[in-house]
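> Whatever this is, show me its structure:
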Amino acid sequence: MKGKFGRSIALVAAGSLLAVGMAGIASASPAGGKGSSSTQALAGQVLQLRDDLTKVAYAANVGATRSDLGRLSPVLADIAAGKRYTVQTDTEQLAGLAKGRADESSRLLADPTAKARQLPPLPLPIPSLPDLPGPLKIVSDLVKALLAAVTGILGGLLGGLPVPPLPVPVPPLP
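Take a look at the predicted model:
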């Protein structure tokens, strides 16, 4: 009887220690947001989508660019919603702004005669990238801003890890 009682107390004490320890881990995420180990898998997916979009856009492949924008937009929407993935609040907000640029780029590529909408400014600098070639020139600024935003999202997902550079081709010399 004493042995069962002692084991019960030990079990309750171990459970309490485990609960306190897990609460400390849960509260260790950076201030102002949320964090999760699943963000590394998400970062890999976003990195692949960003690099694919960069390659096809700078290759002037309109169809593949529209397709890649179509694949990237729902991922950005999921990040912005903050329900499926656990990320920092500023990363969620940046994903919402990036989704707007992806959707606007898709809309303009679907109808090149459409008038571009004014979008809110990004909270980060746009890198100096070469303009997109030929038929994608109409969405060049939008896609460059989108690539900057997605790179910023990757920075948020990877934490302190370096973000791989954009695979932008070097413009030909005149």
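> Okay, and the most centrally placed residue in the chain sits in which element?
Central residue check for the chain by C-alpha atoms, centre = their mean: the C-alpha nearest the mean position is that of residue 153, 3.9 Å away. Using DSSP states H and E, the element containing residue 153 is helix 140-158.
> repeat for residue 49
Secondary structure (DSSP H and E) places residue 49 in helix 39-58.
> which of the residues in that helix are buried?
Across helix 39-58, burial judged by 16 or more other C-beta atoms under 10 Å covers 39, 42-43, 46-47, 49-58. Heads up, the C-betas are built off the backbone N, CA and C, glycines and all.
> swap in stretch 69-80?
69, 72, 73, 75, 76, 77, 78, 79, 80.
> Let's see which of those end up in helices.
69, 72, 73, 75, 76, 77, 78, 79, 80 (DSSP state H).
> Let me know the pLDDT of residue 54.
Listed pLDDT for residue 54 reads 96.
> and the gap between residue 90 and residue 40?
18 Å (C-beta to C-beta, to the nearest Å).
> Next, residue 106: secondary structure please.
Here residue 106 is recorded as helix under DSSP: H, G, I helix; E, B strand; the rest coil.
> show me what contacts the nearest residue to it once chain neighbours are set aside?
Leaving aside its chain neighbours, residue 106 sits nearest to residue 69 (4.6 Å; criterion: C-beta to C-beta, 6 or more residues apart in numbering). Residue 69 makes contact with 53, 102, 103, 105, 106, 109 under the criterion C-beta atoms under 8 Å, 6 or more residues apart in numbering.
> Can you pull the poorly scored residue ranges out of the chain?
Scanning the chain for pLDDT under 70 picks out 1-37, 171-174.
> sorry, back to before: now distance to residue 135 too, for the ones in helices among the buried residues of stretch 69-80, in JSON lines please.
Shown next, in JSON lines, are those (distance: C-beta to C-beta, whole Å):
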{"residue": "69", "distance to residue 135": "14"}
{"residue": "72", "distance to residue 135": "19"}
{"residue": "73", "distance to residue 135": "20"}
{"residue": "75", "distance to residue 135": "25"}
{"residue": "76", "distance to residue 135": "24"}
{"residue": "77", "distance to residue 135": "26"}
{"residue": "78", "distance to residue 135": "30"}
{"residue": "79", "distance to residue 135": "29"}
{"residue": "80", "distance to residue 135": "29"}
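> Looking at those residues, which is nearest residue 142?
Proximity of those to residue 142 (C-beta to C-beta) peaks at residue 69, which lies at 9.8 Å.
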